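Trainee: got a sequence here, can you model it:
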Amino acid sequence: MNPVFGWLAGASREQKRALVAASLGWMLDSMDVMLYALVLGPVQRELHLSAAASGAMMSATLWLHAHRHHAAFVPHRSGSGDGR
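Mentor: Numbers count the residues shown, from 1 in each chain. A predicted model of the protein is given here:
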């Protein structure tokens, strides 16, 4: 068996299903950014945006997308001091 995927043969059915679910979730997670990248050219032409404005829009989209994922793993720090 392939040494890269040899561990998969020993995985239980539940583990294989979890792997498939996680892989599909990861694949679909960035679909919004990819769709935005696909329509950026026509939007730029339709709205008569400069390349700099389009680049700024795409950069903001990528930054917000990354921030959304980062915020999911970083606990929120409130001023109450009780950890909530």
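Trainee: quick check, central residue of the chain?
Mentor: Ser30 (3.9 Å; Cα atoms, centre = their mean).
Trainee: quick one, helices of this structure?
Mentor: Taking DSSP state H, the helices of the chain run over residues 6-9, 13-29, 31-46, 51-73.
Trainee: gap between the shortest one and the chain center?
Mentor: Put plainly, it is helix 6-9. 27 Å (Cα atoms, centre = their mean, to the nearest Å).
Trainee: before we move on, back to that, for the closest residue to the residue nearest to the centre of the chain other than its chain neighbours, grab the count of nearby residues.
Mentor: In space, and not counting its chain neighbours, Ser30 is closest to His65: 7.4 Å by Cβ to Cβ, 6 or more residues apart in numbering. Any C-beta I mention is one placed from the backbone N, CA and C, and that applies to glycine too. Residues lying near His65 (other Cβ atoms under 10 Å) number 15.
Trainee: His65 contacts Met31, correct?
Mentor: No - contact criterion Cβ atoms under 8 Å: His65 and Met31 do not qualify, at 10.9 Å.
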